[in-house]
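[1] What would the 3D arrangement of this be:
(chains A and B)
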Number of protein chains: 2
Amino acid sequence: MNFMEKEKPIGVFDSGIGGLTVVKRLMSVLPKESIVYFGDTARVPYGSKSNETVIEYSVQNTKFLIQKNVKAVVVACNTASSIALNELRKQFDVPVIGMIEPGAEMAVHQTKNKKIGVIGTRATIANKAYSKAIKEINPDIEVFEKACPLFVPLAEEGWTNHKATYEIAEEYLEELREKEIDTLVLGCTHYPILADVIQDVIGKNVKLIDSGVASSEVVREELRRIGLETNSAVPGNAFFYVSDIPTTFKQVAELFLGKEIKEVVKVDVSELGK
Amino acid sequence: MNFMEKEKPIGVFDSGIGGLTVVKRLMSVLPKESIVYFGDTARVPYGSKSNETVIEYSVQNTKFLIQKNVKAVVVACNTASSIALNELRKQFDVPVIGMIEPGAEMAVHQTKNKKIGVIGTRATIANKAYSKAIKEINPDIEVFEKACPLFVPLAEEGWTNHKATYEIAEEYLEELREKEIDTLVLGCTHYPILADVIQDVIGKNVKLIDSGVASSEVVREELRRIGLETNSAVPGNAFFYVSDIPTTFKQVAELFLGKEIKEVVKVDVSELGK
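    I've put the predicted structure just below:
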């Protein structure tokens, strides 16, 4: 393994900007690593698209990251993680880390009463990706899932502390509270933005699982295992690419990332996957 | 003009399901006419896409409707109306009716104090389509625009009477209330679903303009002008096509349409525009 291999960046893609919460976690867990982010903002959302299309787009996005010379790829999108991971692992040689397995694993480790809640978009909840992953690790665990479609637009509005957000959370989480879960998986990369509200409403005794934290830990283990951790002594760089730049991109992206984004480069969708 | 021409259906397309509120109005204004609806649910939303892409998709959708033998096309999508109308009118011989001009026209007729509010998605408000159309009719009118991004997901959740919806409406509409508008354009086809809340919050003295009603009136005038009103004595039929069928499609679509949808046919996106 030569020196240069270790200094390659980690690639991260998402259907939009939600994956920036994962980048934030990666930066905190692996501060010396450099990151290349691609947000497919022109083709968001993936949740309403066919499996075939989600796989096609995920392959294109991964090719783009590979062209940027990344040493590993993080699929920072729950929909793409649940649908495209096997295909990406088949087609590409670099390690590919998704959201579902690490999040499920961490939740199983956390729960004491074996009652885990999962919240996500309609698509993620409908395909039961987390339930399946959790039951595969331990079939005795009870999993309660609930779609919370308004959480994404609330996060993008930046209403992290609004009275309406509390009321919506009360409505969505009531069922899970009644089930007496002790662990709650934030099964959508937007949700960490609303973590304070969610924690308040679900109760302080429930442990929230941020899949971005879980997957960052898996990335660290994986890089260590294959001997590709950076040797750098200084903080890594981050590069941001998107397929479209919506009006409010900068403001929302910085809320999600938790720091300033100095430059973002727009990539033409028709150039992806070439 | 032969008999058969008059009995052709009216075509309606939208980027998704919002246009069904327009179909509801069309059915009420022109109950004897048949309707073919196409909702591009696989490629929704159009608001975050480039003008070039919105035009390309709009041309494809219109071709699809023309293949279904329609006598007129209603662009029941504010984004496509503001971007693609000229191109559609250039490429197709049938009358093409959008949302913006009829809504602007009706608002100008309604206002007494010459202060009109417009609410819509971020994309519609950013391109100032209604402001421009209103100012073109009467440059003396003051127009106050406000993006209300949470109204679309609230409508799709069916939270038409929820406390959270009232609070969100209070927050969004406060500015417009202070401007003392007497007319408010619902510049998004989803918003009629929330009309009761919006009316309560903005005040009973403000007249709401439903672009679906306005455009239905224009369709009636246009069909009359070109002699293509149906001669049928019985209620028309309605046919529904979509490019994808999301999990909750039927439930949300029926809320928007205000009646049962017996059958919906999925069209493959790759077949569009051929």
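[2] How about the residues of the stretch 151-274 of chain A by chain B?
    Residues of the stretch 151-274 of chain A found near chain B (CB under 8 Å from any CB of the partner chain) are A:152-154, A:156-157, A:162-164, A:167-168, A:171, A:244, A:246-248. Yep, even glycine has a C-beta here, placed from its N, CA and C like the rest.
[3] repeat that with 7 Å
    Applying CB under 7 Å from any CB of the partner chain, we find that the stretch 151-274 of chain A lies next to chain B at A:153, A:154, A:157, A:163, A:164, A:167, A:168, A:244, A:246, A:247, A:248.
[4] tell me the contacts of the fourth one?
    Under the criterion of CB atoms under 7 Å, 6 or more residues apart in numbering or on different chains, the contact partners of residue A:163 comprise residue B:167.
[5] try residue A:243
    So residue A:243 contacts A:40, A:41, A:42, A:43, A:267, A:269 (CB under 7 Å, 6+ apart).
[6] Of the residues you listed - the most surrounded one?
    Most neighbours among the contacts of residue A:243, by other CB atoms under 10 Å in any protein chain shown: residue A:40, with 27 neighbours.
[7] would you list the contacts of residue A:243 in a markdown table and tack on pLDDT, secondary structure and distance to residue B:228?
    Below are the contacts of residue A:243 laid out as a markdown table (pLDDT from 0 to 100; DSSP: H, G, I helix; E, B strand; the rest coil; distance: CB to CB, whole Å):
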| residue | pLDDT | secondary structure | distance to residue B:228 |
| --- | --- | --- | --- |
| A:40 | 95 | coil | 43 |
| A:41 | 91 | coil | 42 |
| A:42 | 87 | coil | 38 |
| A:43 | 87 | coil | 39 |
| A:267 | 93 | coil | 46 |
| A:269 | 79 | helix | 40 |
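[8] tell me the two of these that are most distant?
    A:43 and A:267 (11.5 Å; CB to CB).
[9] Look up phi and psi at the most centrally placed residue in chain A.
    Nearest residue to the geometric centre of chain A (CA atoms, centre = their mean): residue A:76, 3.5 Å. Dihedral pair for residue A:76: phi -90, psi 50, per degrees, to the nearest 10.
[10] Then residue A:33?
    Torsion angles, degrees, to the nearest 10, at residue A:33: phi -80, psi 140.
[11] What residue spans form the domains of chain A?
    Domain assignment for chain A by automatic domain parsing gives A:3-98+A:213-271, A:100-211.
[12] will you turn these into CSV that also has distance to residue B:261?
    Output for the domains of chain A, formatted as CSV (distance: least, CB to CB, whole Å):
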stretch, distance to residue B:261
domain A:3-98+A:213-271, 18
domain A:100-211, 19
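[13] And residue A:196, what's its pLDDT?
    Here the pLDDT value assigned to residue A:196 is 97.
[14] for it, what are its contacts?
    Residue A:196 touches residue A:160, counting by CB under 7 Å, 6+ apart.
[15] cutoff 10 Å now
    A:160, A:161, A:165, A:208 (CB atoms under 10 Å, 6 or more residues apart in numbering or on different chains).
[16] I'd like to know which of these are buried.
    The neighbour-count test (16 or more other CB atoms under 10 Å in any protein chain shown) marks A:165, A:208 as buried among the contacts of residue A:196.
[17] Low-confidence ranges, chain A, go.
    Filtered on pLDDT under 70, chain A yields the residue ranges A:1-3, A:247, A:273.
[18] Kindly recompute the last result at 80.
    A:1-3, A:48, A:246-248, A:269-270, A:273-274 (pLDDT under 80).
[19] give me the number of residues near the closest residue to residue A:233 other than its chain neighbours?
    In this structure, residue A:233 finds its nearest non-sequential neighbour in residue A:32, 7.2 Å apart by CB to CB, 6 or more residues apart in numbering or on different chains. Using other CB under 10 Å, the number of residues around residue A:32 comes to 14.
[20] Correct me if wrong: residue A:32 contacts residue A:232.
    Yes - contact criterion CB atoms under 10 Å: residue A:32 and residue A:232 qualify, at 4.6 Å.
[21] which residues do those two both contact?
    residue A:7.
[22] Please list all residues in contact with the closest residue to residue A:141 other than its chain neighbours.
    Nearest residue to residue A:141, sequence neighbours excluded (CB to CB, 6+ apart): residue A:114, at 4.7 Å. By CB under 10 Å, 6+ apart, residue A:114 lies in contact with A:108, A:134, A:138, A:140, A:141, A:142, A:143, A:181, A:182, A:183.
[23] how about the strands in chain A?
    Here chain A has its strands, by DSSP state E, at A:10-14, A:35-39, A:72-75, A:96-97, A:115-120, A:142-147, A:183-186, A:207-210, A:238-242, A:264-266.
[24] Make CSV out of these and add distance to residue B:9.
    What follows is the strands of chain A, written out as CSV (distance: least, CB to CB, whole Å):
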stretch, distance to residue B:9
strand A:10-14, 41
strand A:35-39, 41
strand A:72-75, 44
strand A:96-97, 48
strand A:115-120, 39
strand A:142-147, 35
strand A:183-186, 46
strand A:207-210, 51
strand A:238-242, 40
strand A:264-266, 41
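[25] so which of these gets nearest residue B:254?
    Across the strands of chain A, closest to residue B:254 is strand A:142-147 (CB to CB), at 19.0 Å.
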